[in-house]
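Novice: Next comes the sequence, and after it the predicted model I'd like to discuss.
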Amino acid sequence: MHLYKHPEDLKTYIESKRLSGKTIGFVPTMGALHEGHLSLLKESKKTCDITVCSIFVNPAQFNNREDFVKYPKTLSDDILLLEENDCDILFLPYEAEIYPDELSRIKHFDLGYLETILEGKFRPGHFQGVCLIVEKLLKIVRPGFLFLGQKDFQQCMVIRKLLEIMHSETKLIICPTVREKSGLAKSSRNLRLTNTEQVLAAELHEALATIQNQLRPDNFLSLKKKAIVELENLNFNVEYLELATSDNLELISAYRSGQQIVILIAAYFHGVRLIDNLLINS
Ligand code: AMP
């Protein structure tokens, strides 16, 4: 595996590969890698000649300083995992090269409605920070394919919008959520929970699965109320539990049979913010 720390060096190397006809796949991450990240890497390796994975804990997307400081960092393990899984290139940029000055952090992306709901509503500025870093990374890597996880469903919609704004030709591939046996979605933040807490945290997915099973076109609001009471009794602090159309994330309380919908949840559990979602083909 090649390791690049300077954007210009990586650009030059990738450009030479592109000129020789190689397709480039890109998997951006914030490290503390797990099976979820590796599933994106595997998908990229299946689709592309060369896979670039980046690790950068992007300060601009944290609306909460404590969350940034406590974000898990396991770099030496990450490098081993990437090597074991035949990643071709690891991009590990320095913050000072990504954000050399104040100006490099100032840019507004017109995300419209997408930024006003769910994660956008509860984490003001978060998606602006995500777009800021992803745009910079895309301009460096210029991948043919970009691999993202469904686990961050709204983020996928935001990046789809960013690609439109950039008039990018990069093709977005959304990969399914990888879960623990318990159903808990794998996440770097799970490392901040004890083993026992991780087992209990699976109730979040259980709540979504129950709604999925019992959902009828007009009963979401009563299922939502019941699920929130049950989760709060188990010490979750639910920020949102919503039903939305899966193509444009319009929040809905009822649906028509045949509509593609998604249930999304965010909740704190023992001080750790967890998100999850389930797609439903109604
Ligand atoms: P992160 O390092 O959390 O910023 O995530 C980097 C990428 O991995 C994003 O596209 C995430 O959606 C994806 N990802 C994170 N967790 C999972 C998971 N459990 N299953 C699939 N993809 C995931």
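Specialist: Looks like it arrived, so ask away.

Novice: Torsion angles phi and psi at whichever residue of the stretch 101-250 of the chain sits closest to the ligand?
Specialist: Going by C-beta to the nearest ligand atom, the ligand is nearest to residue 149 of the stretch 101-250 of the chain, at 2.2 Å. Using the backbone N, CA and C atoms, a C-beta is placed for each residue, glycine as well. With angles defined as degrees, to the nearest 10, residue 149 sits at phi -100, psi 140.

Novice: quick one: contacts for it?
Specialist: 36-37, 39-40, 156, 174-178 (C-beta atoms under 8 Å, 6 or more residues apart in numbering).

Novice: which of these tops the neighbour count?
Specialist: Greatest neighbour count in the contacts of residue 149, by other C-beta atoms under 10 Å, goes to residue 37: 27 neighbours.

Novice: Against which helices or strands is the helix or strand hosting that one packed?
Specialist: Following DSSP states H and E, one finds residue 37 within helix 35-47. Under the contact definition 3 or more C-beta pairs under 8 Å, 6 or more residues apart in numbering; DSSP states H and E, helix 35-47 sits against strand 24-29, strand 50-55, strand 145-149, strand 171-175.

Novice: Format the ones you listed as JSON lines; extra columns: mean pLDDT.
Specialist: JSON lines is the format used below for the helices and strands packed on helix 35-47 (pLDDT from 0 to 100):
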{"stretch": "strand 24-29", "mean pLDDT": "99"}
{"stretch": "strand 50-55", "mean pLDDT": "98"}
{"stretch": "strand 145-149", "mean pLDDT": "99"}
{"stretch": "strand 171-175", "mean pLDDT": "98"}
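
Novice: Out of those, which is closest to residue 186?
Specialist: strand 145-149 (9.2 Å; C-beta to C-beta).

Novice: quick one on the thing from earlier: for the residue of the stretch 101-250 of the chain closest to the ligand, name its beta-bridge partners.
Specialist: Going by DSSP bridges, residue 149 is paired in beta bridges with residue 175.

Novice: can you pull the pLDDT of the closest residue to residue 184 other than its chain neighbours?
Specialist: Excluding its sequence neighbours, the residue lying closest to residue 184 (C-beta to C-beta, 6 or more residues apart in numbering) is residue 202, at 4.3 Å. For residue 202, the pLDDT comes out at 98.

Novice: how about residue 202, what does it touch?
Specialist: Shown in contact with residue 202 (C-beta under 8 Å, 6+ apart): 180, 182-184.

Novice: now with 10 Å?
Specialist: 179-185, 209, 276 (C-beta atoms under 10 Å, 6 or more residues apart in numbering).

Novice: what do you get for residue 243?
Specialist: So residue 243 contacts 211, 215, 220-221, 223-224, 250-255, 261-264, 280 (C-beta under 10 Å, 6+ apart).

Novice: what separates it from residue 227, distance-wise?
Specialist: Taking C-beta to C-beta, to the nearest Å as the criterion, residue 243 is separated from residue 227 by 12 Å.

Novice: Between those two, which contacts overlap?
Specialist: Joint contacts of residue 243 and residue 227 (C-beta under 10 Å, 6+ apart) are 211, 263.

Novice: thinking again about what came up before, out of the contacts of residue 243, which sit inside strands?
Specialist: Counting by DSSP state E, the part of these found in strands is 251-252, 261-264, 280.

Novice: Going by neighbour count, which of these comes out on top?
Specialist: Most surrounded of those: other C-beta under 10 Å gives residue 263, at 25 neighbours.

Novice: Specify the local secondary structure of the residue nearest to residue 278 when sequence neighbours are not counted.
Specialist: Excluding its sequence neighbours, the residue lying closest to residue 278 (C-beta to C-beta, 6+ apart) is residue 208, at 4.7 Å. On the three-state scheme (DSSP: H, G, I helix; E, B strand; the rest coil), residue 208 is labelled helix.

Novice: Tell me who's in contact with residue 208.
Specialist: 183, 185, 227, 241, 262-265, 276-278, 280.

Novice: Reformat those into CSV and put pLDDT and distance to the ligand next to each item.
Specialist: Shown next, in CSV, are these (pLDDT from 0 to 100; distance: C-beta to the nearest ligand atom, whole Å):
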residue, pLDDT, distance to the ligand
183, 98, 11
185, 98, 5
227, 98, 21
241, 98, 19
262, 98, 14
263, 98, 17
264, 98, 13
265, 98, 14
276, 98, 9
277, 98, 11
278, 98, 13
280, 95, 18
